[in-house]
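# Generate a structure from the sequence data that follows.
(chains A, B and C)
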Amino acid sequence: MRLTHRRSQHRGRPAAVVATGAVAALVLAGCATAGSDDDADSEGGGDGPVSLRYQSLAFQEPTIQASQEIVDAWNADNPDVQVEYVQGSWDSVQDQLVTQFQGGTAPDVIQYESAAMTQFAEQGYLADLSGSLSEEVTSAVPEGVLDAVTVDDQVIAAPTLLQSYVVFANRGLLEEAGVEVPEGETWSWDEFQAAAAATTGGDTFGVGWGLAEPTATMLSLGMNFDATYFEGTGEDVTIDVGEEELALPERIHAMAYDDRSLDPVSITQSGSDVMTGFLKGKYAMTVQGSYQAQALTESAPADLDWVAMPLLEADSAAQAANPQTLSVAAESPHVEEAAAFIDYFMQADNLAKVAEGDWLIPASSDAAEVVSTDTEGANGWSTILAGGQYLTKAPFQSATNYPQWKDQIATPAFQRYLADEIDADQLATELTEGWESVSGG
Amino acid sequence: MSVGTVTTRARVGQYAALLAYVAFLGFPLLWLVATAFKSTQEIALGASGFLPEAPTLQNFGDAIRRADLVEAGWNSLRVAVASTILTTALAMPAAYGLARFKTFLRPVTLGWVLVSQVFPTILIIVPLFLILKQFDLVNNLVGLTIVYVVFTLPFALWMLIGFVANIPRELEEAAAVDGAGRLRILVSIVFPLLRPGVVATALFAFIAAWNEFLFALVLIQDPAKVTLPLTLSRFVGAEGQVQLGALAAASLLATIPSLIFFGLIQGRLTSGLLSGAVKG
Amino acid sequence: MTADLETRPPAPVEAPRTRRGAGGRDAWPLLLPALIPVAIFSVLPLLQGIYLGFTDSRAGLNQVTRFTGLENYGDLLDYDLFWTSFRIGLVWAVSVTFLQFATAMGLALLLHQNLRFGWLARILSLVPWAMPPVVVAITWRLMYDPNYGPVNGLLASLGLGGDTNLLGDFSTALPAAIVVGVWAGMPQTTIALLAGLQGIDESIHEAAAIDGAGVWRRFRHITLPQLRPVIVAITSLNFIWNINTFDLIYVLTNGGPGGRTMLPMLFAYNEAFRYGNFGVAAAMGNVMVLLIVGALVFYLRSRLKPAEE
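Got it, this is the predicted structure:
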């Protein structure tokens, strides 16, 4: 009975089915148009203005804003070449670029860093920019930095900003421990370590150092101790881990486990996690990428008097120049226009604006001058800009398999060494054998 | 009910165990909720007090103001709704066909349900990427929708076949004797009776699409087209200061739709899963 | 599921029914709209994926892919990191599956008792199931956060340290991740087992109780054997799902620290989408399928045999 009743009740059903189908079609159509709109943009019409997609990795508010202002200014000046700002992210950029290049959906203008771009250049994905950048721009970039973006005599990217590692200190805690803020352009490692020991006590550690991703720090700051790691270029690169290479890891290890002046927990954390501890007064000093100065100016509590210490120096104050870069996808239909936009981005005033947002050193000396005038050296800028002269090309940047070695071999090996799981000899062995297996296989 | 008398001591033990379970299952959720209502400062100070000292909606405001989050939510919603409708529309007739007709496709389909569970997605995703590229469907929400439909269908069929089998065949035969055509029978007898199963299938499809991560990660590259789980995952890794409060608020918001739908279907999903698991 | 319908002999009197019962082709219009997309977008890619595992396919503009036979597999034999990752995957999958089962069994038995507040546990146990895995991972990152999370405080109050970065420390990362895996997967296991429990005929229990069998004996000799099909099904599925886990770990630890939580799916993903070695990644997938199927066959044979005897 009930069932027959139901049957009569559902006479109107076909209409419902049709309606459902229609809705599905509509929703899909909605997605489809949303998709094709953007595609149309990136192709650029035959007659209409050329459109370029610029994928930016800016992540701090002022830098995002500065990048967008540059895009807006360009678009206003160049009605025929319109640039669309696309927001990317440092965390996913590697996977994203592999899929984008493979899928033919790469943006026209790509931001990344030189060490990682080498691989894409060798896979043929990047356009050669030699000759596309103006003399004015290239002449302002130091030779060593320009080298870092040259692969097989092709300029694969324009170097934009450079990061250096800086010691930020809590002046109050230093004074309590009777440590004076050093003058001068550099600060020796021995003094740094002594200051760390002096400020350690109670709940406070002398240093918090976020080394969850240790490889870049080790290879770059290791140059303080003349660590080179690699020799050769491209596929024929050999590794040598000796005394110079082990010097930095050993010093950090000693600070964490012998002096106990470096919080071992901080080693397992990211730089920004450690920064949180620094803001809370847990650490007297912290070693960070210079860009963290932005976080400090932004969110340091009023009673925290922080200072950027002079650059660390051992055998030298050298650090690796691994510049952020802007490249053009080889498959972009508008390589020329994209290169022109990059040239515009590199103009001293523009680059300075971006650098100021991120507390990074502009690759162009003209831009660095602008930054120096704008900021008057305050908020750590004098230290950071002074570091520019010490940045040089490091051999690891020419090693094609560096990204894989970094992920699979070096990062775990350094992490284990810093967690006191293996000793320095084992570290050296792992780094060396790992390189041979990665580059051989 | 259990049999026999239960001693008081056993009862106390049972309640203690239940309490432990409730704490284990519930505490992380409460922590997420509490974090969402704490001020940035309170979180930064690491004061691990459980309840927010001064509950604030600030984080929700911050989360919603992030344009990418809202956009991602809208993308997720469109993909989830479209794949729900398509999955259900395709699964209903197919489940009927598989349950009522003798065809070699039946064991093939059921076999595929199992096979598709065993094979890791990584094996499928590279070729799928290349196939979609040929149809110009990479980096495209339509492509993502198709993928979701295709990967939800086997399980949806598995669930629905059970529901079809429970519809007495006599009803259809009676209608056939009355002279009703096949389509009429399907539309006016079978589908209405299938409604509980269809609801369950639809909600299952919605949740599957709403929560999915790996396909979206590989197939969608344009930041304007990413779905909610992708945006959330990038929120976590963001360099600089991670805003835990806003992250918690956004996560909470992202969970609400699937939670509601899940509440609606859980009973049916269970029976569907079980009828498959036990008898299939 | 529908065996009764299939085996029913066709009644000769009713012409329309024989037509429908026998003619599989009549079902095609109903089936094909669903099955064709499945064939194109999932069966075909799967077959291609298996084939890809025998080629040198890799990222690069205008790369030519060549068939290389078993070369990838030879390389994999020497690829220690892959096997390390596979071992981690096994430890992860076996522990998570076992703990999910054990905890879920306990909870299901409790819920079956109709305790007061049982509803609360029941509802709570559903939430992790509905949450996007990405959100599960975020939730637990908040729990484990060394500055902010409550887990360290809890451990400290139990006298168990409490000053470690649980997800960043070599010895604790995998166990900490396993807890998350259990938390995320326990709910559906509980519900499946609970449904199974409710399907057991109470009269068997009553009879055994009258015969003087204690709680434990009744559990071992009645409940467990009766539940066997559900247990085998749900643990097998859990094992497959666990060893193929990706999103949870990707957000929780991304394989770190030092690869200690590098599950094989994540490893293969990196091989394909970070380093661009598609062929090698597919070969890893093939190897994993073989090993998973092998493990399952072994497990199912050992579990199901006694039931047949």
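# number of nearby residues for B:Met206?
Met isn't right for residue B:206; it's Phe. Counted with other C-beta atoms under 10 Å in any protein chain shown, residues neighbouring B:Phe206 total 25. Quick note: C-beta positions are derived from backbone N, CA and C, even for glycine.
# Make sure it is actually in contact with B:Leu86.
No: look at B:Phe206 against B:Leu86 with C-beta atoms under 8 Å: they stay out of range, at 11.5 Å.
# where's A:Gly277 relative to B:Phe235, distance?
The gap separating A:Gly277 from B:Phe235 is 21 Å, by C-beta to C-beta, to the nearest Å.
# Count the neighbours of C:Cys64 for me.
Residue C:64: Val, not Cys. Neighbourhood size, C:Val64 [other C-beta under 10 Å]: 7.
# May I have the phi/psi pair for it?
C:Val64 adopts backbone torsions of phi -100, psi 130, taken as degrees, to the nearest 10.
# who's in contact with it?
Contact criterion C-beta atoms under 8 Å, 6 or more residues apart in numbering or on different chains gives no residues in contact with C:Val64.
# Check it and give its pLDDT.
With respect to pLDDT, C:Val64 scores 85.
# next one: C:Gly161
Predicted confidence (pLDDT) for C:Gly161: 71.
# who's in contact with it?
Contact analysis of C:Gly161 by C-beta under 8 Å, 6+ apart lists C:Leu155.
# again, only this time at 10 Å
C:Gly161 makes contacts with C:152, C:155, C:169, C:172, as judged by C-beta atoms under 10 Å, 6 or more residues apart in numbering or on different chains.
# Check C:Ser57 too.
If a contact means C-beta under 10 Å, 6+ apart, then C:Ser57 has B:126-127, B:130, C:51, C:63-68, C:72, C:272, C:276-282 as its contacts.
# same thing but at 6 Å, please
Neighbour list for C:Ser57: C:65, C:278-279 [criterion: C-beta atoms under 6 Å, 6 or more residues apart in numbering or on different chains].
# Looking at the residues you listed, which are in helices?
The members of the contacts of C:Ser57 that map onto helices under DSSP state H are C:278-279.
# which of the contacts of C:Ser57 are close to chain B?
Restricting the contacts of C:Ser57 to those near chain B by C-beta under 6 Å from any C-beta of the partner chain leaves C:Phe278.
# out of the contacts of C:Ser57, which is most surrounded?
Within the contacts of C:Ser57, most neighbours by other C-beta under 10 Å means C:Phe278, with 28 neighbours.
# and the contacts of C:Gly161, which of them are in helices?
Counting by DSSP H, those place C:152, C:155 in helices.
# Among the contacts of C:Gly161, which one is most surrounded by other residues?
With neighbours defined as other C-beta under 10 Å, the most crowded of those is C:Asn152; it has 24 neighbours.
# Would you mind confirming that that residue makes contact with C:Gly162?
Yes: using C-beta atoms under 6 Å, C:Asn152 is in contact with C:Gly162, at 4.6 Å.
# Test my guess that A:Trp101 contacts A:Tyr125.
That one is not Trp; residue A:101 is Phe. Yes: in this structure, A:Phe101 is within contact of A:Tyr125 by C-beta under 6 Å, at 4.6 Å.
# what sits against B:Leu153?
Going by C-beta under 6 Å, 6+ apart, the list of residues near B:Leu153 reads B:87, C:34, C:38.
# Close to chain C: what parts of chain A are there?
Residues of chain A lying near chain C (C-beta under 6 Å from any C-beta): A:94-95, A:98-99, A:102, A:123-125, A:265, A:268-269, A:276, A:404, A:408, A:412, A:415-416, A:419, A:421.
# remind me which residues of chain B are low pLDDT?
Residues of chain B that meet the criterion pLDDT under 70 lie in B:1-6, B:46-48, B:67, B:236-242, B:265-280.
# Please, where are all the helices along it?
B:8-36, B:40-44, B:58-65, B:67-100, B:105-118, B:121-134, B:141-165, B:169-177, B:182-185, B:191-193, B:195-211, B:214-219, B:228-237, B:244-274.
# Highest mean neighbour count out of those?
Neighbour counts (mean count of other C-beta atoms under 10 Å in any protein chain shown) averaged over each of the helices of chain B peak at helix B:141-165, with a mean of 25.
# now the angle from it to helix B:121-134?
Relative orientation of helix B:141-165 versus helix B:121-134 (axes from the mean of the first three to the mean of the last three C-alpha atoms, to 10 degrees): 120 degrees.
# ok, residues contacting stretch B:97-116?
Under C-beta under 6 Å, 6+ apart, the answer for stretch B:97-116 is B:154, B:158, B:161, B:164-165, C:2, C:24, C:27, C:30-31.
# Specify which member of the residues you listed is nearest to chain A.
The nearest member of the contacts of stretch B:97-116 to chain A, counting by C-beta to the nearest C-beta, is C:Leu30 at 13.6 Å.
# May I ask you to confirm that the closest one is in contact with B:Met92?
No: judged on C-beta under 6 Å, C:Leu30 makes no contact with B:Met92 at a distance of 9.0 Å.
# How is chain A divided into domains?
Following automatic domain parsing, chain A resolves into domains at A:50-162+A:322-392, A:165-321+A:401-440.
# can you redo the ones you listed as JSON lines with mean neighbour count?
What follows is the domains of chain A, written out as JSON lines (neighbours: other C-beta atoms under 10 Å in any protein chain shown):
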{"stretch": "domain A:50-162+A:322-392", "mean neighbour count": "20"}
{"stretch": "domain A:165-321+A:401-440", "mean neighbour count": "20"}
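# Save the ones you listed as TSV, and put in mean pLDDT too.
As requested, those are exported to TSV (pLDDT from 0 to 100):
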stretch	mean pLDDT
domain A:50-162+A:322-392	91
domain A:165-321+A:401-440	92
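# Out of those domains, the one nearest C:Leu248 is which?
C:Leu248 lies closest to domain A:50-162+A:322-392 among the domains of chain A, at 16.8 Å (C-beta to C-beta).
# ends of that closest one, how far apart?
37 Å (C-alpha to C-alpha, to the nearest Å).
# repeat for stretch A:339-359
Stretch A:339-359: ends 25 Å apart by C-alpha to C-alpha.
# ok, is that stretch in contact with chain B or not?
No: residues of stretch A:339-359 are not located near chain B by C-beta under 6 Å from any C-beta, the shortest gap being 9.9 Å.
# what does that stretch rub up against?
A:60, A:62-63, A:66, A:70, A:74, A:83, A:129, A:132-134, A:137, A:158, A:161, A:290-291, A:293-294, A:326, A:328, A:362, A:364, A:366-367, A:370-371.
# for stretch C:93-111, same thing?
The contact list for stretch C:93-111 (C-beta under 6 Å, 6+ apart) reads B:17-18, B:21, C:118, C:122, C:178, C:181-182, C:185-186, C:189-190, C:193-194, C:197, C:235, C:238-239, C:242-243.
# redo that, cut-off 7 Å
With contact meaning C-beta atoms under 7 Å, 6 or more residues apart in numbering or on different chains, stretch C:93-111 is reached by B:14, B:17-18, B:21, C:118, C:121-122, C:125, C:178, C:181-182, C:185-186, C:189-190, C:193-194, C:197, C:235, C:238-239, C:242-243.
# what about it, distance to the chain center?
Distance, stretch centre to chain centre, for stretch C:93-111: 13 Å (C-alpha atoms, centre = their mean, to the nearest Å).
# for that stretch, what is the average pLDDT?
Stretch C:93-111 shows a mean pLDDT of 95.
# swap in stretch C:118-127?
The model assigns stretch C:118-127 a mean pLDDT of 81.
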